[in-house]
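S.K.: Sequence and predicted structure, then a few things I'm wondering about:
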Amino acid sequence: MKTLGITIGCLATACLISTATFAQERQEQSLKLHPKNGYTLQQTLALHKRFDLGTWNSGEDIDLSRFAYLNTARFFPHAWIPRADQVSVLESAPNDGIGKIRAKTAEGEMTLDEWTARYLDAVIVVHDGKIIYERYPRMRPSDRHIWWSVSKSVAGTIVGLLEEQGLVDVNKSIETYIPELADSEWKGTPVIDILDHASGMTGLEADDPEAYTNPASPYGLFEASLGIQPATGEAPKSTYDYISTLKRQKPSGKKFEYTSVNTFVVAWLAEKVTGRPYAELVSEMIWQKMGAEADGLIQVSTAGAPGAHGLINTTLRDLARYGMLFTGSWNRIAKEQLIPDSLVREIQKDGRPAIYSAGMLKPKIDAYLGEPAAFETRQWDFVLKDGDFGKSGFHGQTLYVSPSKNLVVASFATGKGYDTWAFARAIAKSIP
């Protein structure tokens, strides 16, 4: 038995050494695998073999996560977000000085050039309607990259446009527009509280320590219902049906508690009001009219529910075009002003600081920005005192909009903490 114990111990040690060696090799490989020219057949097939529904977006295997972020349609059902025939042309006016702008990050102080080369998949800066900085170290310009939670801003924008058209009153209760929720605990929740992540319902993310680790948690079941995480025996087949089973954990309008569940309800509201699938709404109200250069994609479940909270996939330039709609450069890409000034002002002025400050995410967002945000609203992460606003996405997706500076900064990444907020803010401050 002693000999056996020594043998087992040696085997365990060998396993640890092997695991450590493998991890080191995988890390070294990830530093070498920069798909700026796409993936070879060998790489593609190997990464497909490594795909795991439970860990594909964890970043533990960063090569796999990046491959999946650039190729989500290989693994999940998607709906098209069609563009129009006419593409809006983005002029280039390169400014090498932008890459030399410095900012403090969690990885230390460095220039945007250094940050991009080390951590980003791609980045673009558009000023006065012209591209002044654009880099693609880990993807091709034609690739469609996942937006993650930057997608949430689209749902908020669409409901804002429906509000401008008189089709939605955000002060009315959600069951006014989604009768299926009339007999649920969502009843009586004003639409604006759902838009501002203050619904008071279960299904929380950051505020629930089990949200990302327990497949049977309310949030785990939500993602399973969409088909992007493994299903437990309890997982519902339809996200639409599942939403009505969630419970109230506090009165609405009291505290900012971030959750993608709210975004799904916002998108569902838009579908109910218009009678159109969400992907078609995004296409008809935004994509076609802004002259997108490529069709977008959005993941859908087998029941047809849209991944409106995070599963939009587009080129980087089309993300920048979307951001431009909130600035005076809209006329460089669209024939009509798609986002009225009144909606931009609502984003800039109508947030609720008390609700925002009561939430647990404000300190984290402030740290990323390097200064305190005033509030969040309408599915955007933050609004600053000067009216700039932005939205982040899991693993470093970034959209920063400065209407006063006529500026948009957008980036894609595959790594926790790689949001480009500090650089976006420094760029905005550098513009007179």
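M.R.: Received it, and whenever you're ready, just let me know what you need. Residues are numbered from 1 along each chain as shown.
S.K.: what about residue 396, distance to residue 259?
M.R.: Separation of residue 396 from residue 259 (Cβ to Cβ, to the nearest Å) stands at 20 Å. All C-beta atoms are positioned from the backbone trio N, CA, C, and that covers glycine.
S.K.: Those two: which is more packed in?
M.R.: residue 259 (25 against 21; other Cβ atoms under 10 Å).
S.K.: what's the closest non-adjacent residue to the most centrally placed residue in the chain?
M.R.: The residue lying closest to the centre of the chain (Cα atoms, centre = their mean) is residue 149, at 2.0 Å. Leaving aside its sequence neighbours, residue 149 sits nearest to residue 393 (Cβ to Cβ, 6 or more residues apart in numbering; 4.2 Å).
S.K.: before we move on, what about residue 296?
M.R.: Using Cβ to Cβ, 6+ apart, the closest residue to residue 296 is residue 81 (3.4 Å).
S.K.: list the contacts for that neighbour?
M.R.: The neighbourhood of residue 81, defined by Cβ atoms under 8 Å, 6 or more residues apart in numbering, consists of 279, 282-283, 287, 295-298, 312, 314.
S.K.: what's the neighbour count on residue 118?
M.R.: Counted with other Cβ under 10 Å, residue 118 comes out at 14.
S.K.: show me what contacts it?
M.R.: 107, 110.
S.K.: Tell me which helix or strand it sits in.
M.R.: helix 112-119 (DSSP states H and E).
S.K.: Mind listing what's buried along stretch 41-50?
M.R.: Buried residues in stretch 41-50, counted by 16 or more other Cβ atoms under 10 Å: residue 47.
S.K.: what about that stretch, average pLDDT?
M.R.: The predicted model assigns stretch 41-50 a mean pLDDT of 94.
S.K.: do stretch 303-315 as well
M.R.: 98.
S.K.: So which bits of that stretch are buried?
M.R.: 305-315.
S.K.: can you give me the helices in the stretch 251-400 of the chain?
M.R.: 260-274, 278-282, 316-324, 341-349, 353-358, 362-369 (DSSP state H, counting those that start in this stretch).
S.K.: which of the ones you listed sits most buried?
M.R.: Stretch with highest mean neighbour count among the helices of the stretch 251-400 of the chain: helix 316-324 (a mean of 25; mean count of other Cβ atoms under 10 Å).
S.K.: Need the residues that contact that one.
M.R.: By Cβ under 8 Å, 6+ apart, helix 316-324 touches 88, 90, 122-124, 126, 129, 131, 134, 136, 139, 141, 145, 147, 150, 154, 286-287, 290-294, 296, 330, 332-333, 399-401, 408, 410-412.
S.K.: Show me which of those are buried.
M.R.: Of the contacts of helix 316-324, these count as buried by 16+ other Cβ under 10 Å: 88, 90, 122-124, 126, 129, 131, 134, 136, 139, 145, 147, 150, 154, 286-287, 290-294, 296, 330, 332-333, 399-401, 408, 410-412.
S.K.: Quick one: residues contacting the closest residue to residue 332 other than its chain neighbours.
M.R.: Ranked by Cβ to Cβ, 6+ apart and with sequence neighbours excluded, the top spatial neighbour of residue 332 is residue 129, at 3.6 Å. Residues near residue 129 by Cβ under 8 Å, 6+ apart: 90-91, 324, 329, 331-333, 406.
S.K.: The stretch 201-350 of the chain: strands as residue ranges?
M.R.: For the stretch 201-350 of the chain, applying DSSP state E, counting those that start in this stretch gives strands covering 296-299, 312-314.
S.K.: Dump those strands to JSON lines, plus distance to residue 219.
M.R.: JSON lines is the format used below for the strands of the stretch 201-350 of the chain (distance: least, Cβ to Cβ, whole Å):
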{"stretch": "strand 296-299", "distance to residue 219": "17"}
{"stretch": "strand 312-314", "distance to residue 219": "20"}
